[in-house]
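[1] Dropping the sequence and predicted coords here.
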Amino acid sequence: MSARQPRLFTAYGFATTHDALAAEAAARRAEIHVTPIPAPRELGSLCGIALRFEPSDTASAEAAFAVAGLVWTARAQISDI
């Protein structure tokens, strides 16, 4: 059995849960795959929800946030292992 390779993902944190949910909706409207996750420590002390994106989708996600008038508070690249 081969060892699973760690995968990087980009997590975005928001000041409020409302902003996180609005950002999730904006990403879905833009047809960008998004996964809500518990906010990882790397994002600091924000609301409890973060959004996970593939690194290749970060520019599209940030564009979708901007179109919706949303500002992310923290961003981090994190390994899933």
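    Done, it's in. Numbering: from 1, shown residues only.
[2] Given the helix or strand of the chain with the lowest mean pLDDT, what are its sheet partners and their directions?
    In the chain, the helix or strand scored least confidently by mean pLDDT, DSSP states H and E is strand 74-79, which has a mean of 90. Strand 74-79 has the following strand partners under DSSP bridges: strand 8-13 (antiparallel).
[3] after the strand it pairs with, next one along is what?
    As assigned by DSSP states H and E, the chain's next helix or strand after strand 8-13 is helix 17-29.
[4] how far out from the middle of the chain is the helix or strand following that next one?
    As assigned by DSSP H and E, the chain's next helix or strand after helix 17-29 is strand 35-38. When distances are taken as C-alpha atoms, centre = their mean, to the nearest Å, strand 35-38 is centred 7 Å away from the chain's centroid.
[5] So what touches strand 35-38?
    Residues outside strand 35-38 that contact it (C-beta atoms under 8 Å, 6 or more residues apart in numbering): 11, 20, 24, 48, 49, 50, 51, 52, 53. Quick note: C-beta positions are derived from backbone N, CA and C, even for glycine.
[6] Run a quick neighbour tally on the fourth one.
    Right, the one you point to is residue 48. Residue 48: 11 surrounding residues under other C-beta atoms under 10 Å.
[7] Now the most centrally placed residue in the chain. Nearest residue, chain neighbours left out?
    Among the residues of the chain, the one closest to the centroid is residue 51, at 2.8 Å (C-alpha atoms, centre = their mean). Nearest residue to residue 51, sequence neighbours excluded (C-beta to C-beta, 6 or more residues apart in numbering): residue 12, at 4.8 Å.
[8] Then residue 26?
    residue 68 (3.8 Å).
[9] Check whether the one you found really touches residue 23, as I assumed.
    Yes. Assessed by C-beta atoms under 8 Å, residue 68 is found in contact with residue 23 at 7.1 Å.
[10] of the two, who's got more company?
    Neighbours per residue, other C-beta under 10 Å: of residue 68 and residue 23, the larger number sits with residue 23, 26 against 16.
[11] and after the helix or strand containing the residue nearest to the centre of the chain, which helix or strand comes next?
    Here residue 51 sits within strand 49-53, counting by DSSP H and E. Note on strand 49-53: by DSSP H and E, the next helix or strand toward the C-terminus is helix 58-67.
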